[in-house]
Every structure is written in structure tokens, then in C-alpha cells.
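S.K.: Sharing a model that was predicted from the sequence below.
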Amino acid sequence: MKAIIIDDEKRARHLLLSLLTEHCKNISSIFEAQDLVSGVDLIKTIKPDLVFLDIEMPNQSGLEILEYFPNQIDFKIIFVTAYNQYAIEAFKLSAIDYLLKPIDIDELKEAVAKSEKAIKASNLSEQLKKLRKSLKQLSVDKIALEIPKGIMFASHNDIIYFEADGMYTNVQLVNGKQKTICKPLKHFVDQLEKNAMFFKCHRSYLINLKYVDELVKDSGDYLLMNNQKRIPISKSKHDQFLEVIKETFM
């Protein structure tokens, strides 16, 4: 089999290359790419049997690979990532493997053997259909944030609140970092309209209800978030907030 490793981290590529060379003798040749675009070009040139694809990359997520193959794929994909928040079972149900970094040798060998068997026996067009369904499920919990150096893909659970800053929006993340996005707050309000966990409590704030610790009635109502940020709640939103809390948590 021919394989391609697509990962922005050079060290990660070389480590996986070493593991495959040592433990997966059925892979005859291995190629490398440092981002999705060059990886896609390599796929079209090399026509591999198997692609090891990192999910979290600076410019484009590995989950976007199907945009480059709208009709069909004739290779097997094994996603590789250091983050475990993805729907692992969705991939497995679609007969597509998923490896967490640091890679376990036995899991790697099992994934390669499973892929080889699938390449020989399965209907690849049906795999494509199932993969699209799996990626659609994953996208429900992800949002694209356009940062200065590219696009950051964040889980909804990683966001505490959005704060308007003129025509920009500051996004506060659970890891303590804040990202400034070149989009007005309304962009995110519209995008997350159907997500019950996000509530526009004030003209300048869209909050994740998961991270509200307390509703404080002192010199004007405000919400105390779990990072101790005080966020005002408009009088017109007070009753709606209580109703949303009742419907969501009670």
C-alpha cells in the first residue's frame, strides 16, 4: 500500500513515519505533506491507498478534505489528532479510523489492517456517503473563527462568551485566551441562533449558558461567569433569561 501523512507538525510526521516503517510492513511507500492543500495535491499525484490526516491544522482543518473531492474518494482516511473532543464513535461507525496522539502502536497496526481490509472489500462510494454524514455531525459542535493568521476551529464548549467591539468581536475561551475576530457580534448571534446554550443577554454580549455561575441583583442585574467576568443583562432580557434557564436546566 501507498500512504500519505498530512500534518503541520514536522516532528509528528516523522514519528508516524518511523512507526509505520517499523511496524506496518504492508505499507510500501510513505509520503508527507505539511498542510491540507499540499496534501490534496500529493493525493492527486500519488493516488495513495491510505491517508493519515491531522485534524487541527493552522489554515484548514483536516475535516475539510471532502471539499476537494466532491464526487468520490478512492483512498482510506485515518484521522490523527491530539484532541479527544471529537465524535470518535461517529468515525468508527463509518468504518473510518481515528487515532489519538501519542499514537499507540497496537492501535496503529489495527487501524492499518482494518483499512487494508476495507480497501479490498468495501464500497468506497458508500463510505463517502457515511463520511459526509459523520463530518456533518461533527460540524454541529464546531465554529470557524477567522483570526489574523487563518481560521481557528473551536468547539462550542470552548467558548465562554462573545463580546462586541465595534465591527469586531472578542471571543473569550475557556483556556483563558481571547481572540479578536473580524466579524460583528451579529454574525455569531445569527450563526448560533439554533443553539440553545448561547443567549444574547445584552446588545454587546452573547454568552454560553454553561459557564454562568450566578445571576446577581446588585446595582443593576449582571451575570457572573465562571471566569469571574461580570456581564450585564438588559432589563428587556431578564425575564427571557429566566425562561431560557428554566427550559434548559430545569
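M.R.: Ah, there it is. Since the model is a prediction, treat every value here as computed from it, not as a measurement.
S.K.: So which residues make contact with stretch 213-223?
M.R.: 201, 207, 212, 224-226, 230-233, 235, 238, 241 (C-beta atoms under 8 Å, 6 or more residues apart in numbering). No exception for glycine: its C-beta is placed from N, CA and C like everyone else's.
S.K.: same question but for stretch 182-192, I mixed them up
M.R.: With C-beta under 8 Å, 6+ apart, stretch 182-192 has contacts from 143, 146, 156, 162-164, 167-169, 198, 200, 204-206.
S.K.: run the last query once more with 6 Å
M.R.: For stretch 182-192, the external contacting residues (C-beta atoms under 6 Å, 6 or more residues apart in numbering) are 146, 162, 164, 167, 169, 198, 200, 206.
S.K.: Quick check: of the residues you listed, which has the highest neighbour count?
M.R.: Neighbour counts for the contacts of stretch 182-192 (other C-beta atoms under 10 Å) peak at residue 162, which has 25 neighbours.
S.K.: Could you find the two of the contacts of stretch 213-223 that are most distant from each other?
M.R.: Spatial extent of these (C-beta to C-beta) is set by the pair 226 and 235 at 24.0 Å.
S.K.: what residues does whichever strand or helix holds residue 22 touch?
M.R.: In this assignment (DSSP states H and E), residue 22 forms part of helix 10-23. The contact list for helix 10-23 (C-beta under 6 Å, 6+ apart) reads 5, 7, 27, 30, 32, 105, 108-109.
S.K.: Only whichever of those residues are buried, select them in PyMOL.
M.R.: Remark: buried members of these, expressed as a PyMOL selection using 16 or more other C-beta atoms under 10 Å:
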select buried, resi 5+7+27+30+32+108
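S.K.: which intervals of this structure have sub-threshold pLDDT?
M.R.: Within the chain, the segments meeting pLDDT under 70 span 83-96, 121-140, 219, 248-250.
S.K.: per-domain residue ranges of it.
M.R.: Listed domain ranges for the chain are 2-139, 153-249 (source: automatic domain parsing).
S.K.: Distance from the helix or strand hosting residue 199 to the middle of the chain?
M.R.: Secondary structure from DSSP H and E places residue 199 in strand 198-202. The chain centre lies 24 Å from the centre of strand 198-202; the measure is C-alpha atoms, centre = their mean, to the nearest Å.
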